[in-house]
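**Q** Output the structure for:
(one chain, ligands or ions: 2)
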Amino acid sequence: MKRTMTIAGSDSGGGAGIQADLKTFSAMGTFGTSVITAITAQNTLGVTDVYGLPAKIVESQIDAVMSDIGTDAAKTGMLFSAEIIEAVANKVKKWEIENLVVDPVMVAKSGDRLLKEDAIEAMRRKLIPLALVITPNIPEAEVLTDVSIKSEEDRRIAARVLHSMGARYVIVKGGHLEGDPVDLLFDGQRFHEFRGERIHTNNTHGTGCTFSSAIAAQIARGRSVYEAISIAKRYVSEAIRQAPHIGAGHGPLQHFPKWEADLD
Ligand SMILES: Nc1ncnc2c1ncn2[C@@H]1O[C@H](COP(=O)(O)OP(=O)(O)O)[C@@H](O)[C@H]1O
Ligand SMILES: Cc1ncc(COP(=O)(O)O)c(N)n1
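**A** Numbers count the residues shown, from 1 in each chain. Ligands and ions are numbered 1, 2, ... in the order given. Next up is the predicted model:
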């Protein structure tokens with residue numbers, strides 16, 4: 001069985017973070033392991049408390065997983081601080097993790113901060129250069145590149161800047177745009193658009209986490225980055241469409257235990 005590792009924050013509400021990642025890994029037929037960076041007290045209405053873990057325990061979790069179980073792909077989500085980003089980057093290098101998907105999580109759907117302001121530079125310098133794929137949404141791409149994205153041309157400029165920082169594939173997601181969500185991929189040479197239909201709903205808590213985990217799992221299973229993104233997009237759309245309507249705010253998605261089997 002292929003192995004997938006998430007390095008991310010815990011969401012007590014079960015919709016995003018480590019919880020969404022592990023559900024997605026299972027749905028994709030991979031064995032998921034987890035490295036927790038921070039604990040959030042969170043539900044569909046928002047985040048009421050955040051506790052970042054010391055970098056040392058993040059390092060020892062990675063060592064524990066990698067020294068015994070290993071991984072075929074990994075993803076990062078909420079990393080909270082510059083210290084944790086540096087610790088993760090060092091361990092990714094030490095364990096030679098090449099299939100790394102970086103979801104540069106900064107704020108929750110509720111608007112609460114999940115990454116300290118001073119950690120952005122560490123993300124740019126230490127982690128992005130190690131990424132096989134980086135999956136920013138539009139606000140995250142703007143913060144990382146200092147490009148204000150007002151048009152499709154701006155989005156392409158931002159994707160080029162992220163690629164020049166060292167990520168091999170850059171996908172700037174379109175969930176925050178008006179109209180149908182189109183995700184834009186740049187592989188260093190060409191642009192490719194992944195089109196989807198907008199589902200009008202409040203149940204989008206964990207879409208980014210689910211998307212990046214699905215990409216990591218499909219890469220672990222040997223698919224190309226293009227195929228992995230295309231499958232991840234279909235999975236997220238279906239997961240939004242069949243969302244269980246839980247909580248009074250931004251509700252979580254539905255995950256599908258037999259998705260991978262259905263695909264084959
Ligand atoms: N309302 C929606 N309907 C269909 N797809 C969506 C919707 N919102 C987001 N997506 C898709 O979900 C994935 C995550 O995108 P996005 O919501 O932009 O990320 P984030 O959760 O990081 O803000 C992307 O593939 C995006 O196109
Ligand atoms: C612990 C944690 N990690 C990440 C997110 C972002 O969620 P989304 O997938 O909606 O961008 C979150 N709300 N909480």
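
**Q** Output the longest helix belonging to this structure.
**A** Ranked by residue count and defined by DSSP state H, the top helix of the chain is helix 225-241.

**Q** does that helix come close to ligand 1?
**A** Yes - contact of helix 225-241 with ligand 1 (C-beta under 6 Å from any ligand atom) involves Lys233, Val236, Ser237, Ile240. In this view, the C-beta of every residue, glycine as well, is placed from N, C-alpha and C.

**Q** I'd like to know how far the second one sits from Leu130.
**A** Using C-beta to C-beta, to the nearest Å, one gets 24 Å for the distance from Val236 to Leu130.

**Q** do the same with Thr37
**A** Counting by C-beta to C-beta, the separation of Thr37 from Leu130 is 16 Å.

**Q** So those two - more neighbours on which side?
**A** Thr37 (29 against 19; other C-beta atoms under 10 Å).

**Q** now the more buried one: how far from Ala87?
**A** Computed as C-beta to C-beta, the Thr37 to Ala87 distance reads 9 Å.

**Q** tell me the secondary structure for the nearest residue to Val105 once chain neighbours are set aside?
**A** Excluding its sequence neighbours, the residue lying closest to Val105 (C-beta to C-beta, 6 or more residues apart in numbering) is Met78, at 4.5 Å. Using DSSP: H, G, I helix; E, B strand; the rest coil, the structure places Met78 in coil.

**Q** Pull the number of nearby residues for Met78.
**A** Met78 has 27 neighbours, counted by other C-beta under 10 Å.

**Q** Buried ones in stretch 247-264, by neighbour count?
**A** Gly247, Gly249, His250, Gly251, Pro252, Leu253, Gln254, His255, Phe256, Trp259, Glu260 (16 or more other C-beta atoms under 10 Å).

**Q** Can you tell me which of those is closest to ligand 2?
**A** The closest of the buried residues of stretch 247-264 to ligand 2 turns out to be His250 (C-beta to the nearest ligand atom; 7.4 Å).

**Q** Settle this for me: that closest one is touching Thr204, isn't it.
**A** Yes - between His250 and Thr204 there is a contact at 6.0 Å, judged by C-beta atoms under 8 Å.

**Q** intersection of neighbour lists for the two?
**A** Common contacts of His250 and Thr204, defined by C-beta atoms under 8 Å, 6 or more residues apart in numbering, comprise Lys109.

**Q** For stretch 240-251, what does the pLDDT average out to?
**A** Average pLDDT, stretch 240-251: 95.

**Q** Name the nearest residue to Pro181, ignoring sequence neighbours.
**A** For Pro181, ignoring the flanking residues on the chain, the nearest one in space by C-beta to C-beta, 6+ apart is Gly174 at 4.3 Å.

**Q** no no, Thr76
**A** Leaving out its chain neighbours, Thr76 is closest to Ile7 (C-beta to C-beta, 6+ apart), at 4.7 Å.

**Q** Angles on the backbone of the one you found, please.
**A** phi -120, psi 100 (degrees, to the nearest 10).

**Q** Ok, the one 3 residues further on next?
**A** The phi and psi values for Ser10, taken as degrees, to the nearest 10, are phi -90, psi 140.
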